[in-house]
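J.: generate a structure from the sequence data that follows.
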Amino acid sequence: MGLNMDIILPKYIIDSSSLINLKDRYPSDVFTGAWIKMEELLNKKVVASTIEVFHEISSQEDDVAELAKKYKENFLPIDIDVQAKVKEILTKHAALIDLNKRRFDADVFVIATAIVCRATVVTDELKGTIKIPDVCEKMQVPCIGLLAMLRSEGLHI
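T.: Below is the predicted model of the structure:
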């Protein structure tokens, strides 16, 4: 990312779990305000993610996949700075990835992108053995849930 001052850095880097929970817990036909707020935050580049999250969610046929495709430019590439952070994170927290899977989860890329962007991670994962909130806490990366982000950004239904 190289902190080019022409680029607007996002305030939040969102994980797949929070985007999936947006769909599951706040369906667009009932919680229209939550979806309008999310679109506003995406449009203003306040919320972004990593291209790995895009790959995880865009293959579905649902509201979240449509949202991701509409704002694909908010799903940031894996550049050299993010790669270096991924390496650093995995050196300390190798259990964050499952080597038996055909492709890595986006988790490590979400954390690395947040570090590079100096952003807060948004995830609805719960602390566990080695989950995003656990690694964020150990690495002193701010981490909140979807509802906390929406509240912080002034959502009122």
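J.: quick one: buried residues of stretch 126-146?
T.: Buried residues in stretch 126-146, counted by 16 or more other C-beta atoms under 10 Å: 131-136, 139, 141, 143-146. Just so you know, the C-beta spots here come from the backbone N, C-alpha and C atoms, and that holds for glycine as well.
J.: among those residues, name the ones in strands.
T.: Among the buried residues of stretch 126-146, the members falling in strands (DSSP state E) are 143-144.
J.: which parts of this protein are helices?
T.: Ranges of helices in the chain, per DSSP state H, are 16-25, 32-43, 51-57, 63-70, 80-92, 107-117, 132-139, 146-152.
J.: nearest to Ile8, out of those?
T.: helix 107-117 (10.0 Å; C-beta to C-beta).
J.: please state the offset of the closest one from the chain centre?
T.: 8 Å (C-alpha atoms, centre = their mean, to the nearest Å).
J.: ok, stretch 70-82 next?
T.: 11 Å.
J.: so what's the residue lying closest to Val46 once chain neighbours are set aside up against?
T.: Once flanking residues are discounted, Val46 sits nearest to Lys11: 4.9 Å by C-beta to C-beta, 6 or more residues apart in numbering. Residues near Lys11 by C-beta atoms under 8 Å, 6 or more residues apart in numbering: 46-47, 119-120.
J.: from Thr91, how far out is the residue nearest to the spatial centre of the chain?
T.: The centre of the chain sits closest to Ile14, judged by C-alpha atoms, centre = their mean, with a distance of 1.9 Å. Per C-beta to C-beta, to the nearest Å, Ile14 is found 25 Å from Thr91.
J.: and Asp81, by the same measure?
T.: In terms of C-beta to C-beta, Asp81 sits 16 Å off from Thr91.
J.: ok, these two, which is more surrounded?
T.: With neighbours defined as other C-beta atoms under 10 Å, Asp81 and Thr91 compare such that Asp81 has more, 16 against 8.
J.: any idea how far Lys69 is from that one?
T.: To Lys69, Asp81 is 26 Å away according to C-beta to C-beta.
J.: returning to that earlier point: now distance to Ala95 and neighbour count too, for the contacts of Lys11, in TSV please.
T.: Formatted as TSV, those follow (distance: C-beta to C-beta, whole Å; neighbours: other C-beta atoms under 10 Å):
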residue	distance to Ala95	neighbour count
Val46	31	18
Val47	28	25
Ala119	24	21
Thr120	23	19
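J.: before we move on, back to that, hey, which of the helices of the chain is tucked in deepest?
T.: Greatest average neighbour count among those goes to helix 107-117 (a mean of 25), per mean count of other C-beta atoms under 10 Å.
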